[in-house]
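Asker: Following is a predicted model, sequence given first.
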2 protein chains.
Amino acid sequence: MNTPTFRNWQSVREEVRRRIHAREWAPGDLIPNEADLAVEFGCARSTVNRALRSLAESGVLDRKRKAGTRVAAQPVARATLNIAVIRHEVEEHGATYGYLLIERAERVPPASISGAMKTRAAAKLLHVRALHLADDAPYAIEDRWINTDVVHSARSEGFEAVSANEWLMKHAPYTHGDIGFSAVQATVSDAETLGVPPQSALFAIDRVTWDNASSVTKVRLLFAPGYQLRTAI
Amino acid sequence: MNTPTFRNWQSVREEVRRRIHAREWAPGDLIPNEADLAVEFGCARSTVNRALRSLAESGVLDRKRKAGTRVAAQPVARATLNIAVIRHEVEEHGATYGYLLIERAERVPPASISGAMKTRAAAKLLHVRALHLADDAPYAIEDRWINTDVVHSARSEGFEAVSANEWLMKHAPYTHGDIGFSAVQATVSDAETLGVPPQSALFAIDRVTWDNASSVTKVRLLFAPGYQLRTAI
DNA sequence: CAGAATAATATGTGTGCACATAAAAACATT
DNA sequence: AATGTTTTTATGTGCACACATATTATTCTG
């Protein structure tokens, strides 16, 4: 019986994947430690470490110091979504991108917005509403509030030619954010803007981004019916 | 002027993040190479490598051999979703989980299903329809097709007590899968099952999983209105 | 001058070693 | 038996070095 050697971390990862898949190591099982695997695989421990770390990142393994490494009992599917600038998303589909500014105004937002953005209730924010088009057909509504106390330069930007979606990417760095995906019924106004029947089911992405403790912007993107956010796992 | 040293890869990553954030390195800029940064930071090149690799994985940097490392011009927000077993999702919310099997039958699926699963058009698949409950209220409809040629043991499983969602996790390993998120209008039947008005907007997750070239299962999960899939970026 | 061969270079990764750190396990103490 | 302390151990990480590999820049050649 020959014992093949695994000289790089990718091949080690594949072999571990294979063993889990073949139920040689069942969910919940403790697997041999790094040093032993290194000997078995004929490589350095750091190589095994790299492979196991990668598998832990993708949720296949659970690792704990001293406790060891075990096959995840409850393998959560970890899907990574790439949320790009809408223009790029449209152009990647081979469609022609279009953009229409609907509204731009500084105003005091409803409490739900100032609450989520943790701004003073009476503070004015910049409100931008726009429509993104793919091949001249409505693609998504962007409804956004911008904290001009944080993004000063937004005050002097009209958002007539370039969308806030894209402009902010370049001009407003953020440290972290929250994102939520849901389904909502189109309001009368949304339905009109998108040219769809009222009550249509729309895919919604809600995102708030933060620069440390200050909110930068809060946006709701409402996609026309038929939109699907896809990824591989 | 003191030059602080960065002894671990996380602190190097933070410093690089800070420089990008402070626009010391602007989007599109080429940053110094690993060796130079290692000297500047007073650490080994491998430590810098670890930090930069981590940032590249999260989409902040673009790296190419010989060409060097540059700040991503178009930083895509990379959101990682953890799609857990529904029972766990419900219980994590502090609610009591419930499960109701609606239907279980072996039948020839519609062409859309056999097409997506790449099974023979005439081949029978196991169809399971079930309702997941949170605190006795409808939470999500699971509509699933299982390829029993791949998951033999599913034939003898009734799915009366344990959901296919959960059972398959333990019994049907997969190598990869596709996943899609969308918004759909509730059909009359869906609306009845969920106890919501017809035409309600439902959040849908469609997933097909594969074991190498064979499809394992295809599922559509329809969540009751109000559901939101959240994550941080 | 175009195209092919060659050199240069930045990242990618393997190795061996050392030590840090978290957490379980063993042990001691009350 | 409950509690606190020490030991043990598996993973986490840093370092120095070497070589691999992809890609660009340069030089050579017809």
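Answerer: Here it is on my side, so go on.
Asker: CA only for contacts and neighbour counts going forward, please
Answerer: Will do.
Asker: Now A:Asn165: closest residue in space, sequence neighbours ignored.
Answerer: Nearest non-adjacent residue to A:Asn165, counting by C-alpha to C-alpha, 6 or more residues apart in numbering or on different chains: A:Val85, 6.5 Å away.
Asker: I'd like to know how far the one you found sits from B:Val208.
Answerer: 27 Å (C-alpha to C-alpha, to the nearest Å).
Asker: Give me the more crowded residue out of the two.
Answerer: Between A:Val85 and B:Val208, B:Val208 has the larger neighbour count (other C-alpha atoms under 10 Å in any protein chain shown), namely 23 against 17.
Asker: So what pairs up with that one in the strands?
Answerer: Taking DSSP bridges as the rule, B:Val208 bridges to B:Asp178, B:Lys218.
Asker: re the thing from before, OK, contacts around the residue nearest to A:Asn165?
Answerer: A:Asn165, A:Glu166, B:Gln74, B:Val76 (C-alpha atoms under 8 Å, 6 or more residues apart in numbering or on different chains).
Asker: how close does it sit to DNA strand C?
Answerer: As defined by C-alpha to the nearest atom of the strand, to the nearest Å, A:Val85 lies at a distance of 24 Å from DNA strand C.
Asker: Over to A:Arg155?
Answerer: Relative to DNA strand C, and taking C-alpha to the nearest atom of the strand, A:Arg155 is found at 37 Å.
Asker: Quick check: closest non-adjacent residue to that residue.
Answerer: A:Thr148 (6.6 Å).
Asker: is it fair to say that neighbour lies in a strand?
Answerer: No: A:Thr148 is assigned coil when assessed by DSSP: H, G, I helix; E, B strand; the rest coil, not a strand.
Asker: how does chain A divide into domains?
Answerer: Per automatic domain parsing, the structural domains of chain A span A:9-71, A:86-223.
Asker: how about a markdown table for those, with distance to DNA strand D and mean pLDDT added?
Answerer: Output for the domains of chain A, formatted as a markdown table (distance: least, C-alpha to the nearest atom of the strand, whole Å; pLDDT from 0 to 100):
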| stretch | distance to DNA strand D | mean pLDDT |
| --- | --- | --- |
| domain A:9-71 | 3 | 94 |
| domain A:86-223 | 20 | 95 |
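Asker: Just put those domains in CSV and tack on distance to B:Ile20.
Answerer: As requested, the domains of chain A are exported to CSV (distance: least, C-alpha to C-alpha, whole Å):
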stretch, distance to B:Ile20
domain A:9-71, 25
domain A:86-223, 9
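Asker: Quickly note the distance from the residue in chain A that DNA strand C sits nearest to to DNA strand D.
Answerer: Nearest residue of chain A to DNA strand C, counting by C-alpha to the nearest atom of the strand: A:Asn8, 2.6 Å away. Going from A:Asn8 to DNA strand D by C-alpha to the nearest atom of the strand gives 10 Å.
Asker: Torsion angles phi and psi at the closest residue to that residue other than its chain neighbours?
Answerer: In space, and not counting its chain neighbours, A:Asn8 is closest to A:Thr47: 6.7 Å by C-alpha to C-alpha, 6+ apart. Backbone geometry at A:Thr47, expressed as degrees, to the nearest 10, gives phi -70, psi -40.
Asker: Tell me how many other residues crowd A:Thr47.
Answerer: 22.
Asker: for A:Ala56, same thing?
Answerer: 17.
Asker: Please verify my assumption that it contacts A:Asp62.
Answerer: Yes: with contact defined as C-alpha atoms under 8 Å, A:Ala56 reaches A:Asp62; the gap is 5.8 Å.
Asker: what's around A:Tyr139, how many residues?
Answerer: A:Tyr139 has 24 nearby residues by other C-alpha under 10 Å.
Asker: Quick check: it vs B:Tyr97, distance?
Answerer: Where B:Tyr97 is concerned, A:Tyr139 sits at a distance of 37 Å (C-alpha to C-alpha).
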